[in-house]
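> predicted model and sequence below, questions to follow.
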Amino acid sequence: MGLAQAATAFPLRLLPLLAPVLLLKAGAPVSAIGYLASVAMLGAMVGSLATGALCARFGSRRSLQLAMALASCAALLHGVATLIAFAIASLLAGVADGLTPAAGNSLLQRATSVHEQQRLFALKMIGGPVGGLAAGLVLPRVASSSLTWGAPLVAAGVTVIVGVLLVASKGLWPDEVPREAASGRVADSASTGLALLARLRELRRIAALGFVLAFSHGVWYAYFVVFVVADVGVTLVTAGMLMSIALGAGIVARLTLGFVAHRFARPDQLLGALCVGSAAPWFALSGFDSRDGLWIGVLIAAAFGATLGGWLGVQQAEISRRAPAEHVDRVSGAAAFLMFVALTLSGACFALLQDALGGSRLGFRGLAVAALFSGVIALLPRRAKAS
């Protein structure tokens, strides 16, 4: 399942990684990448909400195969090099990325014991950052040494290979029990998942913490490189190295936090602690400038990776554990939908905050305060329910 998430990262990251080359060939300004990223997140929201209906009608494994097919089409469309093709590609890549986590959760939840789920979900959820890291290393090199179709063909090839592996692995996963036809409607699936998140207190708490962490992650992912290049004065190569350090720290964090949640800490408390912890790199980044040594930037990047790059596996495993067994795919899809809403809103909202406060540094401090407040609220002792 982690392999599927790594594969969808290739077409999803293709345009952001190669925007200067691809958008130039399409005759579009580089600033168009912001709008295309929003289109991708819109597709991801649609995919996450449709997961329950697709899993009910076709099964989780076939839903993952559909995601690989959509991702392959998205990758190939980048080779057309027109703005319309990029918009359609972004939408398809987003839908594929939205389908993959919840469908994988449903498949993994049926195939593993409750005691193993935190560890295995953490292992599954490193697929996204591993895929992003691999795409960052491979696609720019291919694009710089080949024709327009080089990088899209590589990204499409990765998704096709994973799709074939999913077909070949049919006997490794338990058969799915068919549901009633009515349960396969997207509207029913979406309303059921969102209603369960709103009604069940523990699910609501976990989803809210995920929203806060996803919002912070979206701002960090969009603004970190821009800030350290424009405001701190590091080179683009150095900024890329810092982002790679953050992604690497996120991979280690996902594995470590899954083990911690399985053995030592309540997942909701762990997510609250990560909100509190994420305030530290935001405060540090707001004061980072050219007079500081590079090692300060390395520590900041690693701290971002450890806090904002490591929470998703913990949240997804806890959502799957607490959701009613027959609605795991719906609830996981609804939680993923809220995460994509946060990611979609984060860039525009931070831009407004940046304008209102007069710069990124004050905006970073505002995010730190918000994360700190949310985490402290989550860590406060819960009142016992009245009998």
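Received, thanks.
> domains of this structure?
1-169, 198-380 (automatic domain parsing).
> deepest of those, which one?
domain 1-169 (a mean of 21; mean count of other CB atoms under 10 Å). In this view, the C-beta of every residue, glycine as well, is placed from N, C-alpha and C.
> skipping adjacent residues, who's closest to residue 284 in space?
Distances taken as CB to CB, 6 or more residues apart in numbering put residue 300 closest to residue 284, at 5.0 Å, once the chain neighbours are dropped.
> distance between the strand or helix carrying the one you found and the chain's centre?
For residue 300, the host element (DSSP states H and E) is helix 294-308. Offset of helix 294-308 from its chain centre (CA atoms, centre = their mean, to the nearest Å): 19 Å.
> before we move on, back to that, now the domains of the chain as JSON lines including mean pLDDT?
Formatted as JSON lines, the domains of the chain follow (pLDDT from 0 to 100):
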{"stretch": "domain 1-169", "mean pLDDT": "71"}
{"stretch": "domain 198-380", "mean pLDDT": "82"}
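> ok so, going back, any idea how far the residue nearest to residue 284 lies from residue 82?
Applying CB to CB, to the nearest Å, one obtains 39 Å for the distance of residue 300 from residue 82.
> from residue 221, how far off is the nearest residue to residue 269 once chain neighbours are set aside?
Nearest non-adjacent residue to residue 269, counting by CB to CB, 6+ apart: residue 379, 6.2 Å away. Note on residue 379: its distance to residue 221, by CB to CB, is 25 Å.
> quick revisit: who's in contact with the residue nearest to residue 284?
Counting by CB atoms under 8 Å, 6 or more residues apart in numbering, residue 300 makes contact with 242, 281, 284-285, 288.
> try 10 Å this time
The neighbours of residue 300, taking CB atoms under 10 Å, 6 or more residues apart in numbering as the test, are 224, 228, 242, 245-246, 280-285, 287-288, 292.
> likewise residue 335?
So residue 335 contacts 48, 101-102, 105, 193-194, 196-197, 203, 206-207, 210-211, 315-316, 318-320, 323 (CB under 10 Å, 6+ apart).
> what about those residues, which are in helices?
Applying DSSP state H to those, the entries found in helices are 48, 101-102, 105, 193-194, 196-197, 203, 206-207, 210-211, 315-316, 318-320.
> check the gap between the closest residue to residue 134 other than its chain neighbours and residue 100 for me.
Nearest residue to residue 134 in three dimensions, chain neighbours excluded: residue 6, at 7.0 Å (CB to CB, 6+ apart). Distance, residue 6 to residue 100, by CB to CB: 10 Å.
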